[in-house]
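1. Predicted structure and sequence below. I'll ask about it afterward.
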Amino acid sequence: MARSELHSRRVEAVRAWTSFVERGDGAERLVRPEILSSWARSEAAISPDVTQAPLADEGETAEIWRGSPLQTAVQRVEAELRRTAEDGDLVVAVTDADTRILWTYGGRVMRRKAETVNFVPGGRWDDQSVGTNALDLANRLATPAMVFSAEHYAPIVHNWVCWAAPVHDPVSGRKLGVIDLSTTWDRTHPIGLATARVMAALIETAMPRSSHHPTFGGSDDHDEPGLVMTLLGTVETRLDGQRLLLNRRQTEVLALLAMHPEGLSLEHLHALVYGDQAVTLSTLKAEVSHLRAALGGQLSSRPYRLMMPVHTDVDHVLSLLRGGHVGAAVEAYGGDLLPGTNSPALGELADYVAVALREALLADPQPDAVVRYIELAPYDTEVIEVCLAALGNRPHPAVPLLKGRLAVARA
């Protein structure tokens, strides 16, 4: 961006912040909904005059870091993280799931700036501790986030721009924390958010194998904060561990919002839900209003967007497949996505997941995974035949089961 354009953008951000802090209104037309929501949370918890982030206990922070799979992953890619920080004069930070910084590295200039505001290990950067920032938004919304200049609630970082992306266990899908890249506002670059995404993916690929264990669908998920949706086979939605009673259409709307963390306009959401059906926009608005009430108001408008962490078994299965964990993906796959849905978008997604799983098995026909798969797709003889061919004459407990199912399917 040209410096003049950046300066104008900064002036607009300061004007919006001033309107909110001094008058309490007028900012809703000037900033993004997620920024406004975070400002409201920040205002209720802290003074804008905060001078630095609070620090957690140093020993406790060090212990959490030592026991985290993030430590191993960061050590494996530390050279790349340091190079990124030095080349762009950035400060790079990795947090835990509570937005407490566990590790940082900074270029010469940004390192000093970071230290003055406790952007260091132990610093608590949730928005109720230090105000609106990208680390908190990425962690809270489970999607990459950018906060520019006075979009931060605390003036101590009005001279910063920050890009952050969540980091998940690539198998279980469990959120581990976020990675953040920060520099001065005048060094804003369109590639910043994409770089944060790449760095998050780099850390995820470097996770120790011992941390890879599927948990989605287990009893622990009932305690998972935020929204947890089971859409494959059995359908269930829980918010902060409590089951939500939703009708089918509301579940479809919520699923589409979960699949589009960037948000959807009313018209786009209508097309995804109803296709060319003759259903009014008012009908969809009524469904969204019910969902907003059920979610405690954590659904913004213009665009419609979920304002909380979201976990779905669909994302979990696709993440497993991307990581090459075919057996775990089959185990996590409960069946067709929302069977019988007449939403064109969800129908396409259902086909995509089913075909992706099948193709992964054809490429890597693990016998135990195929046995599990044919419980869900008993007449998919090609997968059975490919698996038997791969086994050849080797003995395996799955062979009689596969041959029996093949005989039944051909009868």
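-> It's in. Remember, it's a predicted structure, so these values are computed and weren't measured experimentally.
2. Just the helices from the stretch 201-350 of the chain, written as ranges.
-> Using DSSP state H, counting those that start in this stretch, the helices of the stretch 201-350 of the chain run over residues 248-259, 266-274, 281-294, 313-322, 326-332, 344-363.
3. Give me the angle between the third one and helix 266-274.
-> Interaxial angle, helix 281-294 versus helix 266-274 (axes from the mean of the first three to the mean of the last three C-alpha atoms, to 10 degrees): 90 degrees.
4. Pull out the buried positions in helix 281-294.
-> 284, 287-288, 291, 294 (16 or more other C-beta atoms under 10 Å). Any C-beta I mention is one placed from the backbone N, CA and C, and that applies to glycine too.
5. do the same with stretch 392-411
-> Using 16+ other C-beta under 10 Å as the test for burial, stretch 392-411 gives 398-399, 401-402, 405-406.
6. Got the domain ranges for this protein?
-> Listed by automatic domain parsing, the domain ranges of the chain are 3-211, 219-311, 313-410.
7. out of the ones you listed, deepest packed?
-> Among the domains of the chain, ranked by average contacts under mean count of other C-beta atoms under 10 Å, first place goes to domain 3-211 (a mean of 19).
8. What's the mean pLDDT across that domain?
-> Domain 3-211 carries an average pLDDT of 90.
9. so how far is it from its chain's centroid?
-> 15 Å (C-alpha atoms, centre = their mean, to the nearest Å).
10. go on, stretch 309-316?
-> Stretch 309-316 sits 8 Å away from the centroid of its parent chain (C-alpha atoms, centre = their mean).
11. Please save the CA atoms from that stretch in CSV.
-> What follows is stretch 309-316 as a C-alpha-only set of coordinates in CSV (Å, rounded to 0.1, in the frame of the first residue of the first chain):
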residue,chain,number,x,y,z
PRO,A,309,-14.5,-20.9,18.2
VAL,A,310,-16.1,-23.5,15.9
HIS,A,311,-15.2,-27.1,15.6
THR,A,312,-16.9,-29.5,13.1
ASP,A,313,-16.3,-33.2,12.4
VAL,A,314,-16.3,-32.3,8.7
ASP,A,315,-13.2,-30.0,9.2
HIS,A,316,-11.7,-32.7,11.4
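12. what mean pLDDT would you report for that stretch?
-> When pLDDT is averaged along stretch 309-316, the result is 89.
13. Stretch 252-271 now?
-> Averaging the model's pLDDT scores along stretch 252-271 yields 92.
14. any chance you could map the strands in the protein?
-> 91-95, 101-106, 145-148, 160-168, 175-184, 227-230, 236-239, 242-243, 299-300, 305-306, 310-312 (DSSP state E).
15. Provide a list of residues in contact with residue 295.
-> Counting by C-beta atoms under 8 Å, 6 or more residues apart in numbering, residue 295 touches 227, 239, 306, 308.
16. before we move on, the earlier item: tell me which of the buried residues of helix 281-294 is nearest to residue 329?
-> residue 291 (29.1 Å; C-beta to C-beta).
17. can you put the buried residues of stretch 392-411 in a markdown table and add pLDDT and distance to residue 140?
-> Formatted as a markdown table, these follow (pLDDT from 0 to 100; distance: C-beta to C-beta, whole Å):
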| residue | pLDDT | distance to residue 140 |
| --- | --- | --- |
| 398 | 85 | 44 |
| 399 | 88 | 49 |
| 401 | 89 | 46 |
| 402 | 87 | 46 |
| 405 | 86 | 46 |
| 406 | 86 | 49 |
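18. For my notes, please list the strands of the chain in TSV and give distance to residue 364 for each entry.
-> Shown next, in TSV, are these (distance: least, C-beta to C-beta, whole Å):
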stretch	distance to residue 364
strand 91-95	32
strand 101-106	35
strand 145-148	35
strand 160-168	23
strand 175-184	27
strand 227-230	25
strand 236-239	30
strand 242-243	36
strand 299-300	39
strand 305-306	34
strand 310-312	24
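19. between the ones you listed, which one is nearest to residue 377?
-> Once the strands of the chain are compared by C-beta to C-beta, strand 227-230 is nearest, at 19.2 Å.
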